[in-house]
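**Q** Fold the stuff below for me.
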Amino acid sequence: MSREVTEREIGWQAPMLPLFEERTRITEAGIKRRLYLIPTQFGEQFDPNFSPLPTPQDQLPEITLWVRDFTRRLLEVMSSRRAPHQLARWCHRQPFSTLLGMTRSFTDLPKVRRVHIRQPLESLAEVTVLLEYRGRTHAIVLRFEGVDRRWLCTVIERV
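**A** Here you go, the predicted structure:
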């Protein structure tokens with residue numbers, strides 16, 4: 001059962017001049033309108049029964065702790081203190097190949113200065129990591145998607 005909802009019922013309630021015709025939105029009773037994540041597939045074709053499934057935020061590990069641990073491991077890979085294949089489980093193939101090219105970027109571990117985490121959608125995190133290495137500032141951009149009950153890194157870029 002659906003009903004029409006006017007724009008005045010949804011948002012702005014202050015008196016306004018009627019400049020435009022009022023829009024009507026049709027909503028269904030009991031259904032919330034939400035944005036949701038469609039997992040990145042990088043052009044791959046999947047059988048519908050085995051394709052990656054988006055995972056709700058409450059079924060994923062806490063993002064702040066996850067980013068801290070992933071960043072530490074990533075920097076260890078970049079400074080050749082950890083084997084890159086230890087991160088393969090949490091990276092899609094495309095960013096993992098980028099990661100392989102980033103090994104030996106640093107001779108020592110850089111200092112993490114700041115970590116910015118933004119979540120534009122549920123189960124999606126865009127992360128900027130600011131580093132200091134030998135007096136210079138570097139940045140790494142990461143994107144994590146909640147897929148199959150885990151965070152999956154779909155973008156690794158060094159800026």
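**Q** Show me where the protein dips below the pLDDT cut-off.
**A** Applying pLDDT under 70 to the chain flags residues 1-16, 23-39, 41-44, 46.
**Q** Can you show me the strands along it?
**A** 2-6, 24-28, 111-118, 124-133, 136-147, 150-158 (DSSP state E).
**Q** what about the ones you listed, which gets the closest to Ala88?
**A** strand 150-158 (10.3 Å; Cβ to Cβ). C-beta here means a position set from N, CA and C on the backbone, and glycine is covered the same way.
**Q** Would you mind getting the angle between that closest one and strand 124-133?
**A** With axes from the mean of the first three to the mean of the last three Cα atoms, to 10 degrees applied, the angle from strand 150-158 to strand 124-133 works out at 40 degrees.
**Q** what's next to strand 150-158, contact-wise?
**A** The contact list for strand 150-158, computed with Cβ atoms under 8 Å, 6 or more residues apart in numbering, reads 39-40, 52, 55, 60-61, 63, 66, 70, 74, 87, 90-92, 94-95, 98-99, 102, 105, 125, 138-146.
**Q** Now do that strand against strand 136-147, angle only.
**A** Using the same axes, to 10 degrees: strand 150-158 against strand 136-147 is 150 degrees.
**Q** What residues of strand 150-158 count as buried?
**A** Buried residues in strand 150-158, counted by 16 or more other Cβ atoms under 10 Å: 151-156.
**Q** again with stretch 82-93
**A** When burial is assessed from 16+ other Cβ under 10 Å, stretch 82-93 yields the following buried residues: 82, 84, 87, 90-92.
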